[in-house]
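Asker: how would this look folded up:
(chains A and B)
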Amino acid sequence: MRVLLVEDEAALASALAEHLELQGMAVDSFDHLRLADGALRTTEYDLVLLDLQLPDGDAIPWLKQQRQQQLKTPVIILTARDQISDRIAGLDAGADDYVIKPYDLDEVSARILAVTRRQSGLATNEVQYGNLSIDLQRRHLALDGERVELTAREWSILETLIKRPGHVVSKEQIEDRLYAFGHEVESNTVEVYISRLRKKLGREQITTVRGLGYRLDTETA
Amino acid sequence: MSRPSTLAARLGTRIAISLLIAWILATLVSLAVLMRELNYSYDKTLRETAQRLLPLAISDYQLHQVGLLELRPDLSLLQNFDLGITHRLLSDQPEYLLYQLRDWRGKVLLSSHNAPMSPMLPAIQPGFASLEHFRLYTASTPDGLYHIQVAESVKHRYGALVDSLILFLLVFVLALPVSVLLVYAAVRKQLVPVNLFTKAIARRHGHNLKPIDPMDLPDDFLEVQQATNDLLERLRSALNSEREFAANAAHELRTPLAVASVQLQRLQQELGGDADRRERLSTVSLSLQRLTRLVDKLLQLARAESAGLYSGTPTPIDRVAQMVARELDPSGQRIELLVSGAPNLQLDPDALAVILSNLLENGLKYAPSESPVILRADKDAQVHVENLAPNLDAESLQTLQQRFVRGSERNKPGAGLGLAIVSAFCQQLDIKLSLGLVGTGRGQRLQVSLDFSAVTLATEPAPPSPKSV
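Answerer: Residues are numbered from 1 along each chain as shown, chains lettered A, B, ... in the order given. Alright, predicted model coming up:
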């Protein structure tokens, strides 16, 4: 993957470039919009990492202009401005995502991956666990392509497990979640709902780890 | 009696009082003039009457002397006297007119039936004289042998004056209230633009510094309007430069922090398994994170003053909430957003982001580990941030509430600062903030509620943002 990095802070640019190169990306780093302009014309990039405040101007109008000139490459903004309006302006100008300085290098890699995946049409809100497909946003659950209806509490519990797939989630954590949403919780509530979920999703999906809690198994394929 | 408070009432009262005084003065002057004119005209009539009566009375007296009048009463000239105004005076209302014919010695020769036999005025001097109840005129023959004294009742004379006075009073009683009402209505009408102007000024505050629109103001107020607009403009530009300064400061402070952080992360990556050095690096890293957070908070606090500046672009609660949530909880494990259908706000997105992020951050910090923090926004612009708080009692809630309300403990980093920031922003933006406990036992939740209805956009929520973050 070839990445165009536009960043005027040399120490920041070099460290980020090194990190990305270690991840197997090719990084071209420029410190002026004017130079980035030229690079975009001559080279095909998979991604642009764009600092907002550069010596030759504000990057937001620049980005808007690039988008108007049919630049399709995904763009992630790296900004030291702390206000959400700047981020909104960046997104509205055509950025795909943003990262705030100081940033976590792994976070940047993760965002790059997510954005390029979205670009290639892979991204979706649906998560696949074996024969289960779950769309958390639309609260849509399908088993082998068949829609499964869940009650609010069943969703609540399933969500707790899905958010930590493959990890053990304690009974207390599940109870906390139920409490947080204002549900009544009896001593055996969690057990009752886990068994209902198993009935609907198949016994092998949720494993009981004795003395610790429950786990959504991701390996079942 | 309390002083009337509105300008219209004050003006109305003053004008009404002035009108009353002017009216009374005018009435008095008119009455005086009227009285003079009446007297003059009555005197004239009285004189004419006397001069006409004199030959008639002499003739009647002489006829009477020779005994002819008793035989031929129809010869009496006085009885037949029916000329002009005197006729009216004598036959229709004879009561107020009296006369006596006297000879040169003052002896009463002849008198009207209502006149006394004794002389009304002992002396005989030609011209006018005033008695207690009468106005009297003496006319004499040129040879001075006969005199006639005609008296007119003063009561009659002033009766006409009283009639005029009553008429004046009647007009006064009827017209004055009407004119006062008209004055009041006119004043009120003229003051409408002034009142609108006053209300427009009253509506200007932290988040409304728009210049006041020109209205049909009297010239006296145009200057005030201009001055107010200048002042608003200066305030706005002062707040704007304050905000710009904070934005620059943010950039300048965060850039070196970012350099340090990235270099540190690279060091950590390059450092192999040396546990002791890793430990030390992670201490540095934690310090750096704390420093970053502190810088953030201080910059937010510095922005509270200008939080009210609003560009006019509606702010969707859901979009800002989603962005804030993702920044605080990138993996989306803990923050739950129930914000669909929430309205757009007439509020700076940065101000909303600061409020929501501080509340969510506190929720994440104080809720039992891994338990969710829920942000709920309904269509009435009521926003609630909820998290489990099983150990919070009423007393600590009150302490918390006080910190929120008073915005005290500003100098205490961490939660105190977050609360102070939220409180400062809410005060600046007139947003009501309240804390409450919901549920009991392990299910007890802390609910922080914000009422954004004062800054809700009247229109329908805008279509969903083109890009979901």
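Asker: Rank the helices and strands of the chain by mean pLDDT and give me the bottom one.
Answerer: Answering for chain A, as no chain was given. strand A:126-129 (a mean of 75; mean pLDDT, DSSP states H and E).
Asker: ah, I was thinking of chain B
Answerer: helix B:84-87 (a mean of 41).
Asker: And the residue at minimal distance from the centre of chain A, how far from chain B?
Answerer: Residue closest to the average C-alpha location in chain A (C-alpha atoms, centre = their mean): residue A:114, at 5.7 Å. Distance, residue A:114 to chain B, by C-beta to the nearest C-beta, to the nearest Å: 10 Å. All C-beta atoms are positioned from the backbone trio N, CA, C, and that covers glycine.
Asker: For the helix or strand hosting that residue, name the packing helices and strands.
Answerer: Per DSSP states H and E: residue A:114 is located in helix A:105-119. In terms of contacts (3 or more C-beta pairs under 8 Å, 6 or more residues apart in numbering or on different chains; DSSP states H and E), helix A:105-119 is packed against helix A:10-22, strand A:47-51, strand A:75-79, strand A:97-100, helix B:219-270.
Asker: and that helix, what's its mean pLDDT?
Answerer: For helix A:105-119, mean pLDDT rounds to 88.
Asker: what does it rub up against?
Answerer: A:1, A:3, A:15-16, A:19-20, A:23, A:25, A:46-47, A:49, A:74, A:76, A:78, A:96-97, A:99, A:123, B:262, B:265-266, B:269, B:330 (C-beta atoms under 8 Å, 6 or more residues apart in numbering or on different chains).
Asker: Buried ones among the residues you listed?
Answerer: A:3, A:15-16, A:19-20, A:25, A:46-47, A:49, A:74, A:76, A:78, A:96-97, A:99, B:262, B:265-266 (16 or more other C-beta atoms under 10 Å in any protein chain shown).
Asker: low-confidence ranges in the chain?
Answerer: Picked chain A for this. A:120-125, A:219-221 (pLDDT under 70).
Asker: You answered for a different chain; I wanted chain B.
Answerer: B:1-4, B:79-95, B:206-207, B:405-416, B:458-469.
Asker: mind listing the helices for it?
Answerer: B:7-65, B:68-71, B:77-80, B:84-87, B:154-202, B:219-270, B:275-303, B:317-328, B:349-366, B:394-406, B:415-429 (DSSP state H).
Asker: if you compare those helices, which one is most tucked away?
Answerer: The highest mean neighbour count among the helices of chain B, using mean count of other C-beta atoms under 10 Å in any protein chain shown, belongs to helix B:349-366: a mean of 24.
Asker: Any part of it near chain A?
Answerer: Yes. Using C-beta under 8 Å from any C-beta of the partner chain, helix B:349-366 reaches chain A at B:349, B:350, B:352, B:353.
Asker: Need the three-state assignment for the residue lying farthest from the centre of chain A.
Answerer: Most distant residue from the mean C-alpha position of chain A: residue A:187, 35.5 Å away (C-alpha atoms, centre = their mean). Three-state assignment for residue A:187 (DSSP: H, G, I helix; E, B strand; the rest coil): coil.
Asker: Verify the stated contact: residue A:212 with residue A:168.
Answerer: Yes. With contacts counted by C-beta atoms under 8 Å, residue A:212 reaches residue A:168, the gap being 4.9 Å.
Asker: between those two, who's got more neighbours?
Answerer: When neighbours are counted by other C-beta atoms under 10 Å in any protein chain shown, residue A:212 and residue A:168 differ, and residue A:168 comes out ahead with 16 against 11.
Asker: So what angle separates the directions of the helix holding residue A:114 and helix A:10-22?
Answerer: 60 degrees (axes from the mean of the first three to the mean of the last three C-alpha atoms, to 10 degrees).
Asker: now helix A:105-119, how far from the centre of its chain.
Answerer: Put simply, helix A:105-119 sits 7 Å off its chain's centre (C-alpha atoms, centre = their mean, to the nearest Å).
Asker: how near is the residue of the stretch 51-200 of chain B found nearest chain A to residue B:421?
Answerer: Closest contact between the stretch 51-200 of chain B and chain A, by C-beta to the nearest C-beta, is at residue B:200 (27.7 Å). According to C-beta to C-beta, to the nearest Å, residue B:200 and residue B:421 sit 31 Å apart.
Asker: Equivalent analysis for residue A:35, please.
Answerer: In terms of C-beta to C-beta, residue A:35 sits 40 Å off from residue B:421.
Asker: again, but for residue A:9
Answerer: 28 Å.
Asker: With residue B:184 instead?
Answerer: 52 Å.
Asker: ditto for residue B:371
Answerer: 24 Å.
Asker: okay, now residue B:131: neighbour count?
Answerer: Residue B:131: 11 neighbours (other C-beta under 10 Å).
Asker: To clarify, my last question referred to residue B:313.
Answerer: With other C-beta under 10 Å as criterion, residue B:313 counts 12.
Asker: What segments of chain A are strands?
Answerer: Ranges of strands in chain A, per DSSP state E, are A:2-6, A:26-30, A:47-51, A:53-54, A:57-58, A:75-79, A:97-100, A:126-129, A:132-135, A:140-143, A:146-147, A:168-169, A:206-209, A:213-216.
Asker: Of the ones you listed, which is nearest residue B:449?
Answerer: strand A:97-100 (28.3 Å; C-beta to C-beta).
Asker: Remind me what that closest one packs against, helices and strands.
Answerer: strand A:75-79, helix A:84-93, helix A:105-119.
Asker: Give me whichever of these is most buried.
Answerer: For the helices and strands packed on strand A:97-100, the highest mean count by mean count of other C-beta under 10 Å goes to strand A:75-79, at a mean of 24.
Asker: Adjacent strands (with direction) for that one?
Answerer: Applying DSSP bridges to the sheet, strand A:75-79 is found paired with strand A:47-51 (parallel), strand A:97-100 (parallel).
Asker: residues in contact with the last one?
Answerer: The contact list for strand A:97-100, computed with C-beta under 8 Å, 6+ apart, reads A:74, A:76-80, A:82, A:87, A:90-91, A:107-108, A:111, A:114-115, B:327, B:469.
Asker: buried ones in stretch B:120-131?
Answerer: So, applying 16+ other C-beta under 10 Å, buried residues of stretch B:120-131: B:120, B:121, B:124, B:129.
Asker: OK, contacts around the third one?
Answerer: Put plainly, it is residue B:124. Here residue B:124 is in contact with B:102, B:106, B:138, B:140, B:147, B:149 (C-beta under 8 Å, 6+ apart).
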